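# Mind folding the following:
(one chain, ligands or ions: 2)
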Amino acid sequence: MAIVSPKVQTTRHRIKAFLNKPGEYQIIFSDTPGIIDPKYKLHQKMMDSVKGALEDADLALLMVDANDNFEECDAIFSALKLKVPALLILNKIDIAGNGKIAEAEAFFANKPYCKQLVKIGALQKLHLNKLLAVIVGMLPEGVPFYNEDDLSDLPTRFFVSEMIREKIYELFADEIPYHSAVLVNEYKDKGNIVKIQADIIVHRETQKAIIIGEKGTMIRQIGIQARRDIEAFVQKKIFLELFVKVRPKWRDNDLQLKEYGYQ
Ligand SMILES: Nc1nc2c(ncn2[C@@H]2O[C@H](COP(=O)(O)OP(=O)(O)OP(=O)(O)O)[C@@H](O)[C@H]2O)c(=O)[nH]1
Ligand SMILES: [Mg+2]
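Ligands and ions are numbered 1, 2, ... in the order given. Have a look, this model is predicted:
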């Protein structure tokens, strides 16, 4: 449900997604931004969403890249002062450096927040069934919170804006992804086709020109790739119209942050 990119700070919101097995379990996963030192109001809002997710959770999943510096991860995890049990997930075992997996197991074994460590390779779906079984085993019993057909409590519009934003992360380098936001203005389901109009918000005119590209080549690419993903997501034909707007310093403007969905 969450967008993915090789660049850091891709996730900016708390994204809840549900996994239902009727009669057995309903898991509400909260994806959050990674933990960073806030430099803008946008970052502050991202960190507030981490805090909110930790307060509501029954179980914290602490994800570590097998090639990370474990001391740095430990400093962050300790600073969270978790009140809930935590499961340490060691990801990217497919590209783990020599000895890194054993090193992680030894390093995290006796950390107070680490109830258990599970090794996975998310990209190749390695050991995900094992991870799911461990999670289910650690969750308290309860009644389902959400309807069993629901996938998330967020509206389709949110996922549409995220899929467009993902393309900006994939297609542009340097500061462009970090200076961009996406706002869906119109989402009209006309039965066999959905008409969507969205704005890409940037800081500067020069960035607008880069997003549009020579003769519109880049914005056309964003549109083609995003449309493909949105069609797969909503299972309908999509007509997608994109505009680029310049809003200087939107990342530090409370009103604009709110308008773009950063509560
Ligand atoms: N080799 C390898 N790459 C992976 C694996 N899992 C994730 N990745 C890659 O890691 C990168 C980051 O993935 P994200 O899902 O954006 O990571 P994130 O932790 O949510 O990061 P932010 O949202 O930016 O805070 C992407 O390029 C993924 O394809 C894995 O098991 N193996
Ligand atoms: Mg993410």
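
# For whichever residue of the stretch 151-263 of the chain sits closest to ligand 1, give its distance to residue 39.
Of all residues in the stretch 151-263 of the chain, residue 169 sits closest to ligand 1, at 8.3 Å by C-beta to the nearest ligand atom. For glycine as for every other residue, the C-beta is placed from the backbone atoms N, C-alpha and C. Computed as C-beta to C-beta, to the nearest Å, the residue 169 to residue 39 distance reads 19 Å.

# before we move on, what about residue 216?
Taken as C-beta to C-beta, the span from residue 216 to residue 39 is 33 Å.

# what pairs with residue 114 across the strands?
Residue 114 forms beta bridges with residue 86, as assigned by DSSP bridges.

# What are the neighbouring residues in contact with it?
Counting by C-beta atoms under 8 Å, 6 or more residues apart in numbering, residue 114 touches 62, 86-88, 108.

# What distance separates the opening and closing residues of stretch 165-184?
By C-alpha to C-alpha, to the nearest Å, the extent of stretch 165-184 from end to end equals 11 Å.

# Give me the contact status of that stretch with ligand 2.
No. Applying C-beta under 5 Å from the ion, one finds stretch 165-184 out of contact with ligand 2, separated by at least 10.2 Å.

# residues of that stretch that come out buried?
165-172, 176-184 (16 or more other C-beta atoms under 10 Å).

# tell me the mean pLDDT for it?
Throughout stretch 165-184, pLDDT has a mean value of 97.

# Dihedrals phi and psi, residue 242?
phi -120, psi 140 (degrees, to the nearest 10).

# go on, residue 121?
phi -130, psi 90.

# okay, it: pLDDT?
For residue 121, the model assigns a pLDDT of 98.

# Spatially nearest residue to the residue of the stretch 151-263 of the chain closest to ligand 1 (excluding sequence neighbours)?
What sits nearest to residue 169 in space, not counting adjacent residues and going by C-beta to C-beta, 6 or more residues apart in numbering, is residue 5, at 3.8 Å.

# what's the neighbour count on residue 26?
Residue 26: 18 surrounding residues under other C-beta atoms under 10 Å.

# quick one, what contacts it?
Taking C-beta under 8 Å, 6+ apart, one finds 18-20, 144-146, 148 in contact with residue 26.

# Same question for residue 166.
3-5, 10, 226, 229.

# Residue 183 is in contact with residue 165, correct?
No. In this structure, residue 165 is not within contact of residue 183 by C-beta atoms under 8 Å, at 10.3 Å.

# my guess is the residue nearest to residue 169 contacts residue 168, does it?
No. Applying C-beta under 8 Å as the test, residue 5 and residue 168 come out as separate, 9.1 Å apart.

# Where strands are concerned, which of the contacts of residue 26 count?
18-20 (DSSP state E).

# Would you mind giving those residues as JSON lines with distance to residue 68, neighbour count and pLDDT added?
Below are the ones in strands among the contacts of residue 26 laid out as JSON lines (distance: C-beta to C-beta, whole Å; neighbours: other C-beta atoms under 10 Å; pLDDT from 0 to 100):
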{"residue": "18", "distance to residue 68": "29", "neighbour count": "19", "pLDDT": "97"}
{"residue": "19", "distance to residue 68": "26", "neighbour count": "13", "pLDDT": "96"}
{"residue": "20", "distance to residue 68": "32", "neighbour count": "17", "pLDDT": "95"}
